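Asker: can't give you the sequence, but here's the structure:
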């Protein structure tokens, strides 16, 4: 599971714990199987807890909750993700400057 997938999944779970795996997959633009795999991995690492809705007639309805360990990991993942995006931005900025110089 890559940093971006982990970041997006943590962000969605934290904001909308009641989203189904299908909804998570749609929001992340990935397959349902990938979301299922990622959630299982996060659960095994103790980062996400899965709970059934108590009053939901659909017994397959779940809530995904970040554990305290998961909240700490989300902060670390967010910091790494931001650092990577800033590096990408700087590289693109330099590439754009070079292309502009070539066209002048």
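Answerer: Nice, thanks for sending it over. Only a predicted model underlies this, so the values are computations on that prediction, with no experimental measurement involved. Residues are numbered from 1 along each chain as shown.

Asker: Show me the strands in the chain, by range?
Answerer: 48-52, 62-66 (DSSP state E).

Asker: nearest to residue 2, of those strands?
Answerer: The minimum distance between residue 2 and those falls on strand 48-52, with 16.9 Å, by C-beta to C-beta. All C-beta spots, glycine's among them, are computed from the backbone N, C-alpha and C.

Asker: Identify all contacting residues around the closest one.
Answerer: The contact list for strand 48-52 (C-beta atoms under 8 Å, 6 or more residues apart in numbering) reads 13, 39, 42-43, 59, 61-67, 70.

Asker: In PyMOL, how would I select just the buried ones from the residues you listed?
Answerer: Of the contacts of strand 48-52, the buried ones go into a single PyMOL selection, burial set by 16 or more other C-beta atoms under 10 Å:
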select buried, resi 13+39+42+62+63+64+66+70
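
Asker: Run a quick neighbour tally on residue 24.
Answerer: 22 (other C-beta atoms under 10 Å).

Asker: If you drop the residues flanking it in sequence, what lies closest to it?
Answerer: In space, not counting the residues next to it along the chain, residue 24 is nearest to residue 35; the distance is 4.8 Å by C-beta to C-beta, 6 or more residues apart in numbering.

Asker: Right, I'll leave it there.
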